[in-house]
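*Asks:* quick one, what's the 3D model for this:
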Amino acid sequence: MTQLCLKHNAINLSQGTPAYQPPDEVKHAAIEAIQEGYNQYSITWGAPTFRDAIAQKMTTFNNIPTDADKNVTVTCGSTEGMLSTLLAIINPGDEVIIFEPYYENYGPDTIISGAKPVYVALRETHTENGELSFTYDASELQNAFTTNTKAIIINTPNNPLGKVFTLDELKQIANLCCEYDCIAVTDEIYEHMIYDEKQHISIGSLPEMQDRTITVSGLSKTYSMTGWRLGYVVAPETLTNAIRKMHDFITVGAPHPLQRAGVAALNLP
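*Replies:* All right, here's what the predicted structure looks like:
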């Protein structure tokens, strides 16, 4: 797709690459961290100051009470966070529900982890005001859940559609997760990129979902630092240790000086 766009001077919508630079304060913080000597490994699952900043952000913005030591794993981008999560929770024969269209890695991540992907379509519809929207068929989603369902991946706001899941939709999904005892794995990397009156809601903020939601996110899109590879996973304490083990074996750790800069990013107004 990138090659075709370059050939025809077209806008490339195949990757979420922001067209602006990271904030100056964050770039300066990265330079200072390097100059001050933060150039060796940090703790495998994340520098304490960065995990503290993530926990504060998750608690206040996402309304998910988060403990930096018990719930947060820093990863090399949200893409690694998703793979580490699925490898941690999947057993052979499990199924993972994926809304389509979807970010291209979800299918391969599911297969690599040993699960069977089960797809549920997001179909075009219109709101009462005649605005274009997308939603799923409730019966189709219900039928996708089985006794083998281990997880459902929710990407909100959605890549590539831009769909923001509503509270009613998230409650429907939550009810099914509780009924079938499965985990919601949410990719919320675009949580600040909403251009209308819609509201971003984390399914993990619903009381019944706090113990069965794994939230995957990062700084790449919000702060335009896709090349820095700063992501994180917020999970119940009972699942965090397994996620940290997978993360350790895959990447060892995210770049230490850039984690220091990540603190500066999350502390911006």
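
*Asks:* in stretch 147-161, which residues are buried?
*Replies:* For stretch 147-161, a neighbour-count test (16 or more other Cβ atoms under 10 Å) marks 149, 150, 151, 152, 153, 154, 155, 156, 157, 158, 159, 161 as buried. All C-beta atoms are positioned from the backbone trio N, CA, C, and that covers glycine.

*Asks:* in strands, which of those appear?
*Replies:* If you go by DSSP state E, these have 149, 150, 151, 152, 153, 154, 155 in strands.

*Asks:* can I get those in CSV with distance to residue 135 and pLDDT?
*Replies:* Converted to CSV, those look like this (distance: Cβ to Cβ, whole Å; pLDDT from 0 to 100):
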residue, distance to residue 135, pLDDT
149, 20, 99
150, 24, 99
151, 21, 99
152, 15, 99
153, 17, 99
154, 13, 99
155, 14, 98
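
*Asks:* which of the residues you listed sits closest to residue 234?
*Replies:* Residue 234 has its nearest neighbour among these in residue 154, at 14.1 Å by Cβ to Cβ.

*Asks:* could you check how far that closest one is from residue 215?
*Replies:* 10 Å (Cβ to Cβ, to the nearest Å).

*Asks:* overlap of the contact sets of these two?
*Replies:* residue 186 (Cβ atoms under 8 Å, 6 or more residues apart in numbering).

*Asks:* now residue 225. Nearest residue, chain neighbours left out?
*Replies:* residue 22 (4.9 Å; Cβ to Cβ, 6 or more residues apart in numbering).

*Asks:* any idea which helix or strand carries that neighbour?
*Replies:* Element membership for residue 22 (DSSP states H and E) is empty, with no helix or strand holding it.

*Asks:* with residue 54 instead?
*Replies:* helix 48-60.

*Asks:* name the helices or strands packed onto that helix?
*Replies:* helix 68-71, strand 72-75, strand 231-234, helix 256-266 (3 or more Cβ pairs under 8 Å, 6 or more residues apart in numbering; DSSP states H and E).

*Asks:* looks to me like residue 97 is in a strand.
*Replies:* Yes - assessed with DSSP: H, G, I helix; E, B strand; the rest coil, residue 97 lies in a strand.

*Asks:* could you give the number of residues near it?
*Replies:* Residues near residue 97, counting by other Cβ atoms under 10 Å, number 26.

*Asks:* thinking it is in contact with residue 118, fair?
*Replies:* Yes - counting by Cβ atoms under 8 Å, residue 97 touches residue 118, with 5.0 Å between them.
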